[in-house]
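Asker: Just a sequence and a predicted model for now, questions to come.
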Amino acid sequence: MSIETTEPLSKQKKIREPFLSAKNRKLVKDPLNDNNPITVQVLGICSALAVTVKVKPSLVMALAVIVVCAFSNLVVSLIRNAIPSRIRIIVQLTIVATLVILVDQVLKAYVYDVSKQLSVFVGLIITNCIIMGRLEAFAMGNKPWPAFLDGVGNGLGYGVILILVSAVRELFGNGTLMGYQVVPDAMYKAGYFNNGLAILPPMALIVVGILIWIQRSRNRKLIESD
Amino acid sequence: MNKNNNKYIFIFSSIMVIIVAVLLSLAAIGLGPLQNKNIRIEKMQNILGSVGVESSATDAEKLFDEYIPTQVVLNVKGESVKGEVAAFDIDLKKELDKVRTGNADKQLFPLFVCDKENKKFYIIPVRGKGLWGPIWGYISLEEDMNTIYGVSFGHKGETPGLGAEIETEKFRQEFVGKKILDENGKFVSVKVIKGKVDPDNPHGVDAISGATVTSTGVSEMIERTLKNYIPYFESAMKERKVAME
């Protein structure tokens, strides 16, 4: 599993790049497919199991992770030259924890019902290995703007998988999507049952496994050459 | 400058901690009033929900004043206490905790009396333990102080799709029409039962599959809290009989 995929951008110091140059766009696009944090790097699996029973909490969770990942990358990158390397993990953790608490407080104040749905999971963003992984691998060695984009990209890559998994689980487990009934009543009358396994944690692993299978069979870059 | 000597590390971490602390305290102070307002409104919505009044965050306060004109505070003997605190501001958690700290006789219980379509409904707050944290709810009884008219439940952190299902309309509907007293007027409460429940059973409700702990928690919470109100209901029913004669 390669975490350090992007070379340090120190060479760019002299020429000012446009804000969305090809290289910067790659930072956002890469984690969506070729270097997806969940299906390729296999990071952040734990929260992918926990919040994906329904689509709506997954959606808000994805947004929260994008915000935390992007801004913690930005902050760490801004002060990267001042952080003493001996305590850098603690410093990163403090920054992530601060951002997560801020996100939680804002959710509680402005979108109370959503924050209630997510309950403990927002706090658990602190332990999401994707965020710490990006801080260590990217933000510590790159300038703020690319670091910010890298955070957005990885948050998005995480969110896409979260929403795919939760859609499958909610559809088969509850017959609904976003809380609206999708499976018609006629099917229940004809003897269809919601799959109880879909709402239990093992199903999340199975769905992630199937997603990895589909992605690897379609994406040539991920096929290992023997 | 050597960034790895102890002095630099101490200074760096001290400054960082101070900045973080200031930021978080500012956020907590600044957003606190908004959060408390949300909590109050949610409580009103839950109380209204138990008598089937749907409210949004904007009209909850208005509807609450309209439908719930009377709030009563009861002591352990079931007598109404006046003046000390408003029923709405009573923290049920603290009151229930008094049993553990040996102040059981000082417990106070809030009761909300709802006036809807010229009928009276009695709304009782309940509180207990789920799988991951506290669960709570409101149970409204019809005028006979026995038949359940409606319920609403809330929870701190039950699993979405499993324990969190206690909030759904489907689970709440199961309680409607159930009775908390048996034929002889003795308190038996309403239980959440695993497996298929006979729909004619007046004291049983179908549990949520996969959420055994939360379901048992609901049973326990209803029984434990509701029994405190029985003395009040008994004396109120007696008074009503006397008045009828």
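Answerer: In hand now; what should we look at? Residues are numbered from 1 along each chain as shown, chains lettered A, B, ... in the order given.

Asker: When you work out contacts or count neighbours from here on, use the C-alpha atoms and nothing else.
Answerer: Noted.

Asker: Can you tell me which residues in chain A are near chain B?
Answerer: Taking CA under 8 Å from any CA of the partner chain, the part of chain A that reaches chain B is made up of A:51, A:53-54, A:82-87, A:91, A:98, A:101-102, A:105-106, A:108-110, A:112, A:116-120, A:174, A:199.

Asker: From A:Val53, how far out is A:Leu156?
Answerer: 19 Å (CA to CA, to the nearest Å).

Asker: my bad, should have said A:Met203
Answerer: Here the distance between A:Met203 and A:Val53 works out to 9 Å (CA to CA).

Asker: ok, the two, which is more surrounded?
Answerer: The residue with more neighbours, out of A:Met203 and A:Val53, is A:Val53; 31 against 20, by other CA atoms under 10 Å in any protein chain shown.

Asker: I'd say the more buried one and B:Pro160 touch.
Answerer: Yes - counting by CA atoms under 8 Å, B:Pro160 is a contact partner of A:Val53 at 6.3 Å.

Asker: Spit out the residues that contact those two alike.
Answerer: Common neighbours of A:Val53 and B:Pro160 (criterion: CA atoms under 8 Å, 6 or more residues apart in numbering or on different chains): none identified.

Asker: a strand runs through B:Val73, doesn't it?
Answerer: Yes - B:Val73: assigned to a strand according to DSSP: H, G, I helix; E, B strand; the rest coil.

Asker: check contacts around it.
Answerer: With contact set as CA under 8 Å, 6+ apart, B:Val73 has these partners: B:80-82, B:85-87, B:108-111.

Asker: what about chain A, any weak spots by pLDDT?
Answerer: A:1-17, A:119, A:225-226 (pLDDT under 70).

Asker: For chain B, what is the nearest residue in it?
Answerer: Going by CA to the nearest CA, chain B is nearest to A:Ala109 of chain A, at 4.6 Å.

Asker: Pull out the buried residues from the strand or helix carrying that residue.
Answerer: Counting by DSSP states H and E, the secondary-structure element that holds A:Ala109 is helix A:88-110. Going by neighbour count (16 or more other CA atoms under 10 Å in any protein chain shown), the buried part of helix A:88-110 is A:88, A:91-109.

Asker: What are the contacting residues of it?
Answerer: Judged by CA under 8 Å, 6+ apart, the contacts made with helix A:88-110 from elsewhere in the structure are A:64, A:68, A:71-72, A:75-76, A:83, A:114-116, A:122-123, A:125-126, A:131-132, A:135, B:13, B:20, B:24, B:27-28, B:31-32, B:34-35, B:38.

Asker: The lengthiest helix in chain B and chain A, are they touching?
Answerer: Longest helix in chain B by number of residues, with DSSP state H as the criterion: helix B:6-49. Yes - contact of helix B:6-49 with chain A is found when judged by CA under 8 Å from any CA, involving B:8-9, B:12-13, B:20, B:24, B:27-28, B:31-32, B:34-35, B:38.

Asker: neighbours of residue 179, just the number please.
Answerer: By default, I'm working from chain A. Considering only other CA under 10 Å, A:Gly179 is surrounded by 13 other residues.

Asker: The intended chain is chain B.
Answerer: Neighbourhood size, B:Lys179 [other CA under 10 Å]: 22.

Asker: A:Asp113 now?
Answerer: When counting by other CA under 10 Å, one arrives at 15 neighbours for A:Asp113.

Asker: Does it belong to a helix, a strand or coil?
Answerer: What three-state DSSP gives for A:Asp113 is helix.

Asker: do the same with B:Trp136
Answerer: Following three-state DSSP, we place B:Trp136 in the strand state.

Asker: same question, A:Arg134
Answerer: Judged by three-state DSSP, the three-state class of A:Arg134 is helix.

Asker: Please name every helix or strand in contact with the least confident helix or strand in chain B by mean pLDDT.
Answerer: Ranked by mean pLDDT, DSSP states H and E, the helix or strand of chain B with the weakest confidence is strand B:80-81, at a mean of 80. Under the contact criterion of 3 or more CA pairs under 8 Å, 6 or more residues apart in numbering or on different chains; DSSP states H and E, strand B:80-81 touches strand B:70-74.
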